[in-house]
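Peer 1: Got a sequence here, can you model it:
(2 chains)
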2 protein chains.
Amino acid sequence: MEMCIRENMTIEKEGIIMQVENIGWDSRLAERTAGMRSSVIRELLKLTMEPDIISFAGGLPAPDFFPIREFNEACQHVLQTQGEVALQYSPTEGFQPLRIFLAEMMSKYGIHVEPENILMTNGSQQALDLIGKLFIDRDDCVLCSRPTYLGALQAWNAYEASYCSVPLDDDGMHIDQLEKELEAGTKPVFVYVLPNFHNPAGTTLSEERRQRLVELARKYDLVLVEDDPYGELRYEGEYLTPIFRLAPERTIYLSTFSKTLAPGIRLAWITAPKPLIARLVQAKQGADLHTGTFVQMVTNDICQRGILRQHVKRLRVGYHTRRDAMLDAIAEHWPEEVKYTRPAGGLFLWPRFPEKIDTRDFLEIAVAQKVAYVPGFAFYPGEDGGRHAMRLNFSHSNEETINEGIHRMGVALKHALS
Amino acid sequence: MEMCIRENMTIEKEGIIMQVENIGWDSRLAERTAGMRSSVIRELLKLTMEPDIISFAGGLPAPDFFPIREFNEACQHVLQTQGEVALQYSPTEGFQPLRIFLAEMMSKYGIHVEPENILMTNGSQQALDLIGKLFIDRDDCVLCSRPTYLGALQAWNAYEASYCSVPLDDDGMHIDQLEKELEAGTKPVFVYVLPNFHNPAGTTLSEERRQRLVELARKYDLVLVEDDPYGELRYEGEYLTPIFRLAPERTIYLSTFSKTLAPGIRLAWITAPKPLIARLVQAKQGADLHTGTFVQMVTNDICQRGILRQHVKRLRVGYHTRRDAMLDAIAEHWPEEVKYTRPAGGLFLWPRFPEKIDTRDFLEIAVAQKVAYVPGFAFYPGEDGGRHAMRLNFSHSNEETINEGIHRMGVALKHALS
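Peer 2: Numbering: from 1, shown residues only, chains lettered A, B, ... in the order given. Coordinates of the predicted model:
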């Protein structure tokens, strides 16, 4: 059969057809694509893949802690006993025994729901995408903290959201400022809150502010999106009340196995009132039919055998040590002018620098010193903030590497500040 | 800690908080949700889960053919040798060795691309969703066949597509009609084509029509979306030229492991020009960061060891037998007035009935006879067609069950037609 390809369009090179003509794809795309761009973090991750760079840039769990043997056992068990189910299509809502397990697990934190209040998703990123798809019309306002999780911005930029943001301090989002925004007439489609060990700021919303947030939500009839990937990774202090518990009628609660088990399985869940779960299921059907049956069943096997609980205990000890290693190293190697919050859990530190340090420019100097981070601007809607802050991940590297990386950055910082 | 829940809002029953107040979710949702609804097939699948119903409704591969042992071996191999990589985050584009494998595999069918022309997705449904997200503004026209794959309609309804459709016959989409539409000024954002063993119609686009389609695409500067989940499942006749081969500069080619390996792993891929892959990667980052690392690596392991090729050969033999069993059973048990196309591959038959049989109403009679199918209307944009057709799946049931199910429906049909 003859190939019908015009000469001026493609050239054949070593058997591969190289496309040399771009038919102008960008001009054909939907308006929403104007706001879509690659995640700064994911592009940075590529840049920092060189093995001699110490990267505090990703939000990566520690691979040396992964329960690999337990995964292997669970895969074998599932395939040997239920292989025909595990490899087949399954309901959009999720694997029912896993939903039952999650309902019971969350009840320990005061989130009392039925399995039918839960939808399994491909990581929390898909949850953010589905929420955007359901709630956001062009220019609709999303109310969030400043800084906020950049993956959420990326998901909602695709639906042409606008953002209204309020600053945060050591007790999390400023509820006074939130109230002022609402009094001034801001009508958000929802309020996005990261109550525990905020990404990137590391702060936790205080009990009192949670209560006030819920009062405001009732007064102004708001929907709350509570994103809680790290809630179980608390290294000190007491668990605070989930917002979902305080306002179950208007809260969409997100959590995930990415940080407690492994991100490479892409498994998370949404907890919400049933009428909304029904709409989320419709959105997910159109988006990808359902989350992988096999991965859900393997995770369920791990959960049912008590391995998740044991593993989270192990992570708390390991990450606690690494957090302390990073705090100690900063105290030792960095100039005093640098401010930071001591996070009670999670994966991140959020140091703030004197104005002389622009963390976007400083990244080049740091990478030359073979150490990497995420510049603060990436976490601001509109990129108009965070120029003197950075996000550091302390979960991925061991203590020795953390000390070495912080030391390297300290050398560069002193030079830049002198 | 006190629970701050108003009495009139929730009731506590056996420790479970029941939500009795709906805060009016639908009124808060984006305009695009008006066009979103549950897939008729997925709702039907639930209805037909009772074990005594013979269901020809799903698009399900045969679970008795799943390579379960080989999956188990691959899981063990991946976790034992690369567990730390398999459970970690990975690039949005996909697992590179698998992309290399797919580029080589597709070259056997004349699709000559580099691994960088490939993006891994969570099933082809995600590919359809990402394409919709990139291309469709509200009321943009998608040009497709009538009937067409309902999962595509579901994906694109969420972006408020409008549809312009042309009928098909035994040689696939009517290209004459397509030309008339284009001459009349229809400007589709893309043309959606299922060239091989069409879902639901079972027909294959002839070689001549493929050539004419590509000529029209060049003349009118169209983008073509070529959806090819079943291309490898051909039971007779020769492979025809992929549209991508004929117009690589303007074709987006979709294929999947769902039908050749297993759907429960949710793994598929998009092949497209690199500038478009770059935009698809951005869209996928916002949608779910990346497809599961573990599942991609297990599938790669299966592919590299030659198991995929062997397995597809096995499927061709098994599904060929089942197709013939269904054709034979229809010839034996059904009235002569029923028309149908003999599909050369794939999973589906598309019988057409006399006007007296409305397949939507007839479903109730069929289910009473303990046999199920998908009524034809589900495959028509706007539901204004297909009232006298149905989709039958022949891959999922064994020959005996196929014969029994067709017999049962035959009894009901004769009764309804008499």
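Peer 1: pLDDT wise, what is residue A:340 at?
Peer 2: For residue A:340, the pLDDT comes out at 93.
Peer 1: list the contacts for residue A:355?
Peer 2: Residue A:355 sits next to residue A:388 when contact means Cβ atoms under 8 Å, 6 or more residues apart in numbering or on different chains. The way it works is simple: take the backbone N, C-alpha and C, and place the C-beta from them, glycine included.
Peer 1: Which other helices and strands does the longest helix anywhere in chain A contact?
Peer 2: Using DSSP state H, we find that the single longest helix of chain A is helix A:307-333. Packing partners of helix A:307-333 (3 or more Cβ pairs under 8 Å, 6 or more residues apart in numbering or on different chains; DSSP states H and E): helix A:68-86, strand A:348-349, helix A:399-417.
Peer 1: go with 10 Å
Peer 2: Secondary-structure packing of helix A:307-333 (3 or more Cβ pairs under 10 Å, 6 or more residues apart in numbering or on different chains; DSSP states H and E): helix A:68-86, helix A:96-107, helix A:293-304, strand A:348-349, strand A:390-393, helix A:399-417.
Peer 1: quick one: strands adjacent to the shortest one?
Peer 2: So that's strand A:348-349. Paired strands of strand A:348-349, with direction, are strand A:390-393 (antiparallel) (DSSP bridges).
Peer 1: quick one: average confidence on the partner strand?
Peer 2: If you average the pLDDT over strand A:390-393, you get 97.
Peer 1: and what of stretch A:112-123?
Peer 2: Stretch A:112-123 comes out at a mean pLDDT of 98.
Peer 1: Can you list the buried residues in it?
Peer 2: Within stretch A:112-123, the residues scored as buried using 16 or more other Cβ atoms under 10 Å in any protein chain shown are A:112, A:113, A:115, A:117, A:118, A:119, A:120, A:121, A:122, A:123.
Peer 1: so which pair among these is furthest apart in space?
Peer 2: Across the buried residues of stretch A:112-123, the longest distance by Cβ to Cβ is 26.0 Å; it joins A:112 and A:122.
Peer 1: From one end of stretch A:385-395 to the other, what's the distance?
Peer 2: Start-to-end span of stretch A:385-395 (Cα to Cα, to the nearest Å) is 25 Å.
Peer 1: Look at residue A:159 and say how many residues are nearby.
Peer 2: Residue A:159 is flanked by 25 other residues according to other Cβ atoms under 10 Å in any protein chain shown.
Peer 1: now, which of the buried residues of stretch A:112-123 sits nearest residue A:240?
Peer 2: The closest of these, once distances to residue A:240 are taken by Cβ to Cβ, is residue A:112, at 16.7 Å.
Peer 1: Which secondary structure state does that closest one sit in?
Peer 2: coil (DSSP: H, G, I helix; E, B strand; the rest coil).
Peer 1: Would you check that my belief about it contacting residue A:105 is correct?
Peer 2: No. The criterion here is Cβ atoms under 10 Å, and residue A:112 misses it with residue A:105 at 11.7 Å.
Peer 1: Just the ones of the buried residues of stretch A:112-123 in helices?
Peer 2: Counting by DSSP H, these contribute residue A:123 to helices.
Peer 1: Let's have the buried residues of stretch A:112-123 in CSV, adding distance to residue A:337.
Peer 2: Output for these, formatted as CSV (distance: Cβ to Cβ, whole Å):
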residue, distance to residue A:337
A:112, 47
A:113, 47
A:115, 51
A:117, 48
A:118, 47
A:119, 46
A:120, 46
A:121, 42
A:122, 42
A:123, 38
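Peer 1: For chain B, tell me which of the buried residues of stretch A:112-123 show up nearby.
Peer 2: Near chain B, judged by Cβ under 10 Å from any Cβ of the partner chain, the entries from the buried residues of stretch A:112-123 are A:112, A:113, A:117, A:121, A:122, A:123.
Peer 1: The last one contacts residue A:268, doesn't it?
Peer 2: Yes. In this structure, residue A:123 is within contact of residue A:268 by Cβ under 10 Å, at 5.0 Å.
Peer 1: Need the residues touching each of these two.
Peer 2: The contact sets of residue A:123 and residue A:268 overlap at A:229, A:254, A:256, A:257, A:258, A:291, B:288 (Cβ atoms under 10 Å, 6 or more residues apart in numbering or on different chains).
Peer 1: count of neighbours near the last one?
Peer 2: Burial of residue B:288 is recorded as 29 neighbouring residues (other Cβ under 10 Å).
Peer 1: what's it in contact with, if anything?
Peer 2: By Cβ under 10 Å, 6+ apart, the contact list for residue B:288 reads A:121-130, A:151, A:155, A:266, A:268, A:287-288, A:291, B:92, B:121-122, B:126.
Peer 1: I'd like the average pLDDT over the helix or strand hosting residue A:245.
Peer 2: Assessed by DSSP states H and E, residue A:245 sits inside helix A:243-246. The average pLDDT within helix A:243-246 is 97.
Peer 1: Quick check: what element follows that helix along the chain?
Peer 2: Proceeding N to C from helix A:243-246, the next assigned helix or strand is strand A:251-256, under DSSP H and E.
Peer 1: Partner strands of that following strand and their direction?
Peer 2: By DSSP bridges, strand A:251-256 pairs with strand A:224-227 (parallel), strand A:268-271 (antiparallel).
Peer 1: can you pull the contacts of residue A:175?
Peer 2: Residue A:175 neighbours (Cβ under 10 Å, 6+ apart): A:166, A:205, A:206, A:208, A:209, A:210, A:211, A:212, A:213, A:215, A:216.
Peer 1: same thing with residue A:79?
Peer 2: Neighbour list for residue A:79: A:86-87, A:294, A:297-298, B:66, B:68-73, B:75-76 [criterion: Cβ under 10 Å, 6+ apart].
Peer 1: swap in residue A:215?
Peer 2: A:175, A:179, A:246, A:247, B:4.
Peer 1: Buried ones among the residues you listed?
Peer 2: Burial by neighbour count, 16+ other Cβ under 10 Å: within the contacts of residue A:215 this picks out A:175, A:179, A:246, A:247.
Peer 1: Domains in chain A, by residue range?
Peer 2: Per automatic domain parsing, the structural domains of chain A span A:34-66+A:310-417, A:83-305.
Peer 1: Highest mean neighbour count out of those domains?
Peer 2: Mean neighbour count, computed with mean count of other Cβ atoms under 10 Å in any protein chain shown, is highest for domain A:83-305 among the domains of chain A, reaching a mean of 22.
Peer 1: what does the helix holding residue A:245 rub up against?
Peer 2: By Cβ under 10 Å, 6+ apart, helix A:243-246 touches A:106, A:109-113, A:117, A:191, A:193, A:195, A:205, A:207, A:210-211, A:213-215, A:217-218, A:224-226, A:228, A:250-255, A:271-272, B:1-5, B:17.
Peer 1: what about the residue of the stretch 301-418 of chain A at minimum distance from chain B, is that helix, strand or coil?
Peer 2: Of all residues in the stretch 301-418 of chain A, residue A:396 sits closest to chain B, at 9.4 Å by Cβ to the nearest Cβ. Using three-state DSSP, the structure places residue A:396 in coil.
Peer 1: Quick check: mean pLDDT of stretch A:311-319?
Peer 2: For stretch A:311-319, the per-residue pLDDT averages 97.
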